[in-house]
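*Asks:* Let me see the structure of the following:
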Amino acid sequence: MPELPEVETIRAGLEPLIVGREIKHVICHRANLRYPLPNLAALVGQSVTGMRRRSKYLLFDLASERLETSQTLVWHLGMTGQFHVLPHHAKTGTHEHVHVELSDGQSLRYRDARRFGYAGLLPSTQLESHAWFSKLGPEPLSDAFNGEHLTALCAGRKAPIKNLIMDASIVVGVGNIYASESLFRAGIHPARAAGRISSARLALLVETIKAVLAEAIEAGGSTISDFVHADGKPGYFAHQFQVYGRAGKKCLHCERTIKRITQAGRSSFLCSFCQR
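*Replies:* Take a look at the predicted model:
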């Protein structure tokens with residue numbers, strides 16, 4: 001599943017290609033993905049005024065003189081969702097389910113082999129109160145995510161720290177790959193009870209999460225599974241992994257063996273000597 005850096009990279013790639021364009025026509029090749037699609041015909045005549053990301057959701061801000069309230073098209077990529085921008089006349093590709101034709105002759109295409117993605121068309125003023133957003137924690141790169149925030153939410157908790165930093169109600173967008181990488185850099189064992197970690201170490205963990213995500217965004221995301229940029233090129237952060245996917249290999253710090261354990265049904269990678 002694309003994680004926050006991948007979604008942010010896609011947002012940054014799409015933004016200059018679609019913002020400022022008017023939507024002229026919408027073609028849906030199916031009525032549903034994970035859930036039924038919203039009435040995408042309502043997009044026609046609206047202009048894309050901005051692109052944002054909240055957690056792993058892409059937000060397409062819209063405006064139209066015929067509507068009193070602005071709308072936002074919300075899209076979650078699921079496991080294999082991809083957006084591409086191609087000329088109107090380009091042949092429909094395999095697993096392309098939605099074409100949004102723009103005023104400059106280009107077409108925003110949504111492709112999703114497994115169809116776990118989903119979308120909604122919401123009044124912009126109601127985003128934060130919507131069920132998809134109302135319980136989300138702060139963005140990891142924002143000032144709201146800091147040592148004090150994490151320390152307060154970890155206090156007295158017996159749950160493993162990796163489980164907590166992957167909980168979107170505590171902080172959004174720290175998926176499995178980046179949780180493993182951040183905990184390694186902070187020297188914290190992923191199975192350590194969150195309430196037994198000092199505030200100083202939790203503050204360090206916050207800083208490593210921010211650093212790892214920022215580096216991944218700068219590098220263009222991770223070359224894993226089906227993730228590609230809007231222009232079809234892969235990401236490159238996978239080449240910088242220090243523990244993720246390196247079970248059985250030497251730790252880059254101490255040369256002991258990287259281990260893989262299972263937590264909440266997900267693989268965690270760690271060095272049991274460097275991480276306590």
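
*Asks:* Tell me which stretches of the stretch 51-200 of the chain form helices.
*Replies:* Under the criterion DSSP state H, counting those that start in this stretch, helices of the stretch 51-200 of the chain are mapped to 147-154, 161-165, 176-186, 199-219.

*Asks:* Now render those helices as TSV, adding mean pLDDT.
*Replies:* As requested, the helices of the stretch 51-200 of the chain are exported to TSV (pLDDT from 0 to 100):
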stretch	mean pLDDT
helix 147-154	98
helix 161-165	98
helix 176-186	96
helix 199-219	95
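
*Asks:* Among those, which comes closest to residue 88?
*Replies:* The minimum distance between residue 88 and the helices of the stretch 51-200 of the chain falls on helix 199-219, with 30.8 Å, by CB to CB. Using the backbone N, CA and C atoms, a C-beta is placed for each residue, glycine as well.

*Asks:* Give the buried residues for that closest one.
*Replies:* 201-202, 204-206, 208-210, 212-213, 216-217, 219 (16 or more other CB atoms under 10 Å).

*Asks:* For residue 25, state which of those is nearest.
*Replies:* For residue 25, the nearest member of the buried residues of helix 199-219 is residue 217. The distance, counting by CB to CB, is 32.8 Å.

*Asks:* Contacts only, for that closest one.
*Replies:* Shown here is residue 217, whose contacts under the criterion CB atoms under 8 Å, 6 or more residues apart in numbering are 5, 8, 9.

*Asks:* can those go into TSV with extra columns for pLDDT?
*Replies:* Below are the contacts of residue 217 laid out as TSV (pLDDT from 0 to 100):
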residue	pLDDT
5	89
8	92
9	88
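
*Asks:* Next, format those residues as a markdown table and append distance to residue 194.
*Replies:* Output for those, formatted as a markdown table (distance: CB to CB, whole Å):
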| residue | distance to residue 194 |
| --- | --- |
| 5 | 24 |
| 8 | 26 |
| 9 | 30 |
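
*Asks:* beta partners for residue 73?
*Replies:* Residue 73 has these beta-bridge partners by DSSP bridges: residue 60, residue 121.

*Asks:* who's in contact with it?
*Replies:* By CB under 8 Å, 6+ apart, the residues touching residue 73 are 43, 59, 60, 62, 119, 120, 121.

*Asks:* measure it to residue 170 for me?
*Replies:* Remark: distance between residue 73 and residue 170 (CB to CB, to the nearest Å) = 27 Å.

*Asks:* Can you list the low-confidence ranges for this protein?
*Replies:* Judged against pLDDT under 70, the low-scoring parts of the chain cover residues 1, 221-239.
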